[in-house]
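S.K.: turn this into a structure:
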Amino acid sequence: DTGNTASDILKVSTSSACLPGQTLVVWTFPTGSSATNPAFTAGTKAANVTTALASTNTASPSIETNVGSPAPSWSGQGFSGGAYFQFQVDTSKYSNVTISFDHVQTTQNWNVSAVTVSSSPDGSTFTSNGSSSLTSSPQNSSFNTSAGSTYFRISATGAQNNNARFAIDNVTFSGCLEPS
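M.R.: As a prediction, the model looks like this:
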């Protein structure tokens, strides 16, 4: 025995689980919204979401006052050339982020078509998050996104030409709020 002693306090705690089903931000594209950079719907952005931006590279983007669930919605064309609607959302405080939205074809210039979602942590390299059929009847789709993603693109496949239009509405980002 050396005669030396030591003591310490062991604190045992459990990690609290995240709070699921929390809305990060919503876009409903009310009349008067910008057709190129629409703002999120007032009162829908969580206080801990620092960035919530929308943009598009579609040709002839517009706020469609007669299409939506309910109308209006955001539409564009140019999907045979790789057009998309893009959202930049701060997801840093959340896990299991999901994007859900309504979508519908607004012209008949489509073959068998699908709406697609992809995500990226930096806005340059995108990973596919899946696809859903795109028809002339309004539908809602939800996609789980890549961990840590902050850029999201909604696009479509099956356009016969660059005049093929489709619209999106009620774009909602939700997730599991992580404990701080």
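S.K.: distance check, Ile168 against Phe143.
M.R.: Going from Ile168 to Phe143 by Cβ to Cβ, to the nearest Å gives 13 Å. Placement of C-beta: from N, CA and C, glycine included.
S.K.: give me the more crowded residue out of these two.
M.R.: Using other Cβ atoms under 10 Å as the criterion, Ile168 and Phe143 rank with Ile168 on top: 24 against 21.
S.K.: shaky segments in this protein?
M.R.: 1-2, 4-15, 146-147 (pLDDT under 70).
S.K.: which residues of it fall in strands?
M.R.: Ranges of strands in the chain, per DSSP state E, are 19-27, 52-56, 59-64, 73-77, 85-89, 94-105, 110-120, 127-133, 139-144, 151-159, 165-177.
S.K.: quick one: closest of these to Ala42.
M.R.: Each of these has some distance to Ala42 by Cβ to Cβ; the shortest is strand 19-27, at 9.9 Å.
S.K.: related to what we said a few turns ago, make CSV from the strands of the chain and add distance to Phe40 to it.
M.R.: Output for the strands of the chain, formatted as CSV (distance: least, Cβ to Cβ, whole Å):
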stretch, distance to Phe40
strand 19-27, 5
strand 52-56, 5
strand 59-64, 14
strand 73-77, 12
strand 85-89, 9
strand 94-105, 13
strand 110-120, 18
strand 127-133, 20
strand 139-144, 18
strand 151-159, 13
strand 165-177, 9
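S.K.: what's the closest of the ones you listed to Ser33?
M.R.: Going by Cβ to Cβ, the one of the strands of the chain nearest Ser33 is strand 59-64, 5.1 Å.
S.K.: give me the sheet partners of that closest one and which way each runs.
M.R.: According to DSSP bridges, strand 59-64 has the following sheet partners: strand 73-77 (antiparallel).
S.K.: let me know the angle separating the partner strand from strand 19-27.
M.R.: Relative orientation of strand 73-77 and strand 19-27, computed by axes from the mean of the first three to the mean of the last three Cα atoms, to 10 degrees: 70 degrees.
S.K.: quick one, strand 73-77 and strand 151-159 angle?
M.R.: Counting by the same axes, to 10 degrees, strand 73-77 lies at 60 degrees to strand 151-159.
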